[in-house]
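K.L.:
I'll drop the sequence and a predicted model, then ask my questions.
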Amino acid sequence: MKPIGVFYATRQGHTQRVAEHVAATLRARGLEADVRNLRDRADGIVLDKYAGAILAASIHIGKHEPEMIKFVKQHRPELEAMPTAFLSVNLTEAGVEDANATPEQHTQSVALVQGMLDTFSAKTGWHPQRAKAVAGALLYTKYNFLLRFVMQQIAKKGGKDTDTSRDYEYTDWAALDRFVEEFAAEIPCEIFG
Ligand SMILES: Cc1cc2nc3c(=O)[nH]c(=O)nc-3n(C[C@H](O)[C@H](O)[C@H](O)COP(=O)(O)O)c2cc1C
């Protein structure tokens, strides 16, 4: 059977965790999964050898990683011809999922996340069959001194966690599993390599 390609773009590493988790979920369903970091050898990727593709990219300063945008632009025709899903890993989604957020804060976070997804589609011309925002992580221990301070200030303003001696992960792994299960259910079992 052809594998599912799980292609990711990350800066601090959380989206790699997301990609590996997605691959583990696919494998638990008896599918093969091939996880690839788009910063390494992306030019050698041939999408014909995959039964489907899940793409995951984090957001920094409002934008998805450039190597993901480049990859999607390069492979748009193949992506449009196969089952696909896109995962946008960012911290605004943590605000969407925050049960303590006010209705105004919730509405604002939803609009921000949708805006970043719309910008991605406008830039790449690609409209994935399924898209999901995934709440990412605040990895204070991986940031340099300046970034740690800046992220702490942003977190403070947004009512998020500010203890810089540790990391915080906001990903709802169970919701991600459900999304991947729904994607996997659409992969035709008769696709053989
Ligand atoms: C410098 C920096 C800028 C960020 N900018 C945004 C942003 O504009 N919007 C957002 O929702 N999250 C933003 N984030 C949060 C990241 O998307 C989040 O930490 C994510 O988990 C990073 O994933 P990665 O470790 O795979 O790169 C930013 C994080 C950093 C460190």
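P.N.:
Arrived safely.
K.L.:
can you give me the offset of the longest helix seen in the chain from its chain's centre?
P.N.:
When the chain is parsed with DSSP state H, its longest helix is helix 103-124. Distance of helix 103-124 from the chain centroid (Cα atoms, centre = their mean, to the nearest Å) equals 14 Å.
K.L.:
Now the helix or strand harbouring Arg17: buried residues?
P.N.:
Applying DSSP states H and E as the criterion places Arg17 in helix 14-28. Within helix 14-28, the residues scored as buried using 16 or more other Cβ atoms under 10 Å are 14-19, 21-23, 25-26. For every residue, glycine as well, the C-beta is placed using N, CA and C.
K.L.:
List the strands paired with the very next helix or strand once past it, with their directions.
P.N.:
The helix or strand immediately downstream of helix 14-28 is strand 33-37, counting by DSSP H and E. Here strand 33-37 has these sheet partners by DSSP bridges: strand 4-9 (parallel).
K.L.:
list the buried ones in the partner strand?
P.N.:
For strand 4-9, by 16+ other Cβ under 10 Å, it's 4-9.
K.L.:
what's the longest strand in the chain?
P.N.:
Longest strand of the chain, by residue count under DSSP state E: strand 52-60.
K.L.:
How about the next helix or strand after it and the ligand, any contact?
P.N.:
Using DSSP H and E, the helix or strand that follows strand 52-60 towards the C-terminus is strand 63-64. No - taking Cβ under 6 Å from any ligand atom as the criterion, strand 63-64 and the ligand are apart, separated by no less than 7.4 Å.
K.L.:
strands paired with strand 63-64, and their directions?
P.N.:
strand 52-60 (antiparallel).
K.L.:
ok now the partner strand, how far from the chain's centre?
P.N.:
Distance, stretch centre to chain centre, for strand 52-60: 4 Å (Cα atoms, centre = their mean).
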